[in-house]
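S.K.: Can you look at this prediction? I've put the sequence above it.
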Amino acid sequence: MQLSKLLAPILLKKITDTIDTLDITGITADSRKACPGCLFVALKGHTVDGHDFVAGAVEQGAVAAVVEREVEGLPVPQIIVHNTRDVVPILASTFYRHPSHSMKVIGVTGTNGKTTVTNLIDKILTDQGHRTGLIGTIKNRIGNQEYDAANTTPEALELQETFHRMKEFGTEYVAMEVSSHALDLKRVAGTRFRTAVFTNLTQDHLDFHGSMEKYRNAKGKFFSQLGNTYEDRLVDNRFAVINADDPEAGFFIGQTVAQVVTYGIDKEADVRGLNVQIEAGGASFTLASFAGSIDLHLQMTGKFSVYNALAAAAACLCEGVGLSAIKASLESVSGVDGRFERVVAGQDFTVIVDYAHTPDSLENVLKTIREFAKGKVYTVVGCGGDRDRTKRPIMARIAAAYSDVAIITSDNPRTEDPEKILDDMEQGLTDVSRDRYVRLTDRKDAIRHAVGQAVAGDVVLIAGKGHETYQIIGTTKHHFDDREVAVQAIRGEL
Ligand SMILES: CC(=O)N[C@H]1[C@@H](OP(=O)(O)OP(=O)(O)OC[C@H]2O[C@@H](n3ccc(=O)[nH]c3=O)[C@H](O)[C@@H]2O)O[C@H](CO)[C@@H](O)[C@@H]1O[C@H](C)C(=O)N[C@@H](C)C(=O)N[C@H](CCC(=O)O)C(=O)O
Ligand SMILES: Nc1ncnc2c1ncn2[C@@H]1O[C@H](COP(=O)(O)OP(=O)(O)OP(=O)(O)O)[C@@H](O)[C@H]1O
Ligand SMILES: N[C@H](CCC[C@H](N)C(=O)O)C(=O)O
Ligand SMILES: [Mg+2]
């Protein structure tokens, strides 16, 4: 693509040399991925500054660079802009010819439930015979082809390239998770969304956002940007699907000019779950909506699963999918990888692996378990290193409050000292008696201990890692799968 065409929509401060005849073959923000003929964009990161790698990118073949400040001695033209992070999503979307404009992209944001809701939306739309794509924490998928996901929401360049490949494949619908980091770091700024879904807002990521208000405002941007240009509104409908029961529902509704569709259980809503029954093997409810009412029996349990099903149903009702089709798809889902996943290896007690890594999700999962546990509840839980420190004592307190025994342990300590993370967790246990919790730094020891104590009728919850198949210690990823370790522990092979 001609560089001058690519730069047309961008407000430039200065160009250091003529670019009239320059064609570029690609764009990258990572010097290590620079190819001959590409454009390099220098981003200031949390660890390093991309401006320090412009020369390296040029050595690898970059023919021009977009920068915030001129780098001395470069043999290629430099395009100087005010903020490269603002510019990169526009460049990415323009380079790939705005792929999100020709698909219906349904984005899901919220502290908990994004992966589950996107998977449910994807299931309903795929069952309708649509070509679909999925972007999220566990994996990205185009048709039947799966790709590893480094982040829940990819950086703008990777995202637009993924959209491009989806479009080439003939994808009609994309269900994607939109994290608050992505909103803050402008990863989705170049994306046109058909629908924005809000699940809930509770504490997480305070290390990154600084306060709950800033965290909420980051998510608010998703709704304020939805269909907010005149041109956008002329094209087709935009929907904001909002959890009416969340205390912040009003805030999110107030942010958007899109058509609001609410869902909920406790409060009046456009798509409502009535007569909710939670059992060990699933959840039943009546879905009452503007399209009629229908009874549903989910294989997934917990009130939170009803919310996730309602969110997915509301988003798909906006697409004109019929209620009975929605029911059939939702009822056929046995669960999502690593979310309330049962581990069965011949034992006479229940073992559940779940991705609860926030105070709210842990509380929800434990409340659900408490509703059907006949015996004792053992909870294995840790908190991630290099992440929100303030959630650590809260999560430990929740684990102890709802369990007979809480086993606090490590969950991706990353570059922090695992013992310090456990010290932080223990701050929440100062008034909990010592026989109600155990501290075992090694996650294998913690799982072995919980499984070793459990007898018939008991429940062991292993929380925090879900689908993850690794434990990050320092900067090294070691293979670790809670489900595998649980099976080994049950079989006495640990
Ligand atoms: C805080 C955060 O989001 N960090 C992301 C960020 O890393 P960073 O700011 O440290 O980047 P950096 O290493 O300083 O590099 C700055 C720039 O220099 C470039 N560079 C760097 C080195 C080099 O040799 N050459 C070079 O050009 C880099 O490509 C980059 O453009 O940019 C990286 C490259 O795209 C991301 O992988 C990284 O995500 C890290 C792995 C991460 O853990 N992110 C988490 C916090 C996150 O985003 N989580 C949310 C989900 C949360 C949830 O769902 O609950 C998510 O969407 O995944
Ligand atoms: N609607 C919900 N409300 C509260 N907790 C939920 C909800 N849905 C799922 N959970 C809990 O949160 C955990 C994570 O669910 P899920 O992976 O769907 O969320 P997520 O928002 O994608 O998380 P992440 O931010 O890590 O990507 C689940 O394992 C479950 O414990
Ligand atoms: N998306 C979340 C995942 C947390 C998963 C948990 N296992 C941890 O490592 O803290 C994050 O990056 O904060
Ligand atoms: Mg997710």
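M.R.: Sure, I can see it. Numbers count the residues shown, from 1 in each chain. Ligands and ions are numbered 1, 2, ... in the order given.
S.K.: Counting neighbours, what do you get for residue 246?
M.R.: 20 (other C-beta atoms under 10 Å). All C-beta spots, glycine's among them, are computed from the backbone N, C-alpha and C.
S.K.: does it really touch residue 216, like I thought?
M.R.: No - here residue 246 does not reach residue 216: they are 10.6 Å apart, not a contact under C-beta atoms under 8 Å.
S.K.: Show me whatever sits in contact with both of the two.
M.R.: residue 201 (C-beta atoms under 8 Å, 6 or more residues apart in numbering).
S.K.: Spatially nearest residue to residue 221 (excluding sequence neighbours)?
M.R.: Leaving aside its chain neighbours, residue 221 sits nearest to residue 183 (5.0 Å; criterion: C-beta to C-beta, 6 or more residues apart in numbering).
S.K.: So which bits of the stretch 251-400 of the chain are right by ligand 3?
M.R.: 357, 384, 387 (C-beta under 6 Å from any ligand atom).
S.K.: Need the per-residue pLDDT for the last one.
M.R.: At residue 387, the model reports a pLDDT of 95.
S.K.: got the contact list for it?
M.R.: Neighbouring residues of residue 387 by C-beta under 8 Å, 6+ apart: 205, 207, 414.
S.K.: Just the ones of these in strands?
M.R.: Among the contacts of residue 387, none falls in strands (DSSP state E).
S.K.: Which one of those sits in the busiest neighbourhood?
M.R.: residue 205 (20 neighbours).
S.K.: Now stretch 5-16: buried residues?
M.R.: 6-7, 16 (16 or more other C-beta atoms under 10 Å).
S.K.: Any chance of a markdown table for the residues of the stretch 251-400 of the chain next to ligand 3, columns secondary structure and distance to residue 458?
M.R.: Putting these into a markdown table (DSSP: H, G, I helix; E, B strand; the rest coil; distance: C-beta to C-beta, whole Å) gives the following:
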| residue | secondary structure | distance to residue 458 |
| --- | --- | --- |
| 357 | coil | 23 |
| 384 | coil | 27 |
| 387 | coil | 30 |
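S.K.: among those residues, which are in reach of ligand 4?
M.R.: Among those, no residue lies close to ligand 4 (C-beta under 5 Å from the ion).
S.K.: Tell me the bridge partners for residue 408.
M.R.: residue 381, residue 439 (DSSP bridges).
S.K.: same question, residue 476
M.R.: residue 473.
S.K.: Residue 351 now?
M.R.: Going by DSSP bridges, residue 351 forms beta bridges with residue 460.
S.K.: about what we covered before: filter the buried residues of stretch 5-16 down to the ones close to ligand 4.
M.R.: Restricting the buried residues of stretch 5-16 to those near ligand 4 - C-beta under 5 Å from the ion - leaves none.
S.K.: near ligand 1 at all, stretch 151-170?
M.R.: Yes - applying C-beta under 6 Å from any ligand atom, one finds stretch 151-170 in contact with ligand 1 at 151-153, 155.
S.K.: Stretch 31-49 now?
M.R.: Yes - using C-beta under 6 Å from any ligand atom, stretch 31-49 reaches ligand 1 at 31-32, 43, 45-48.
S.K.: Most neighbours of all those residues, which one?
M.R.: In those, the most neighbours by other C-beta under 10 Å go to residue 43, 23 neighbours.
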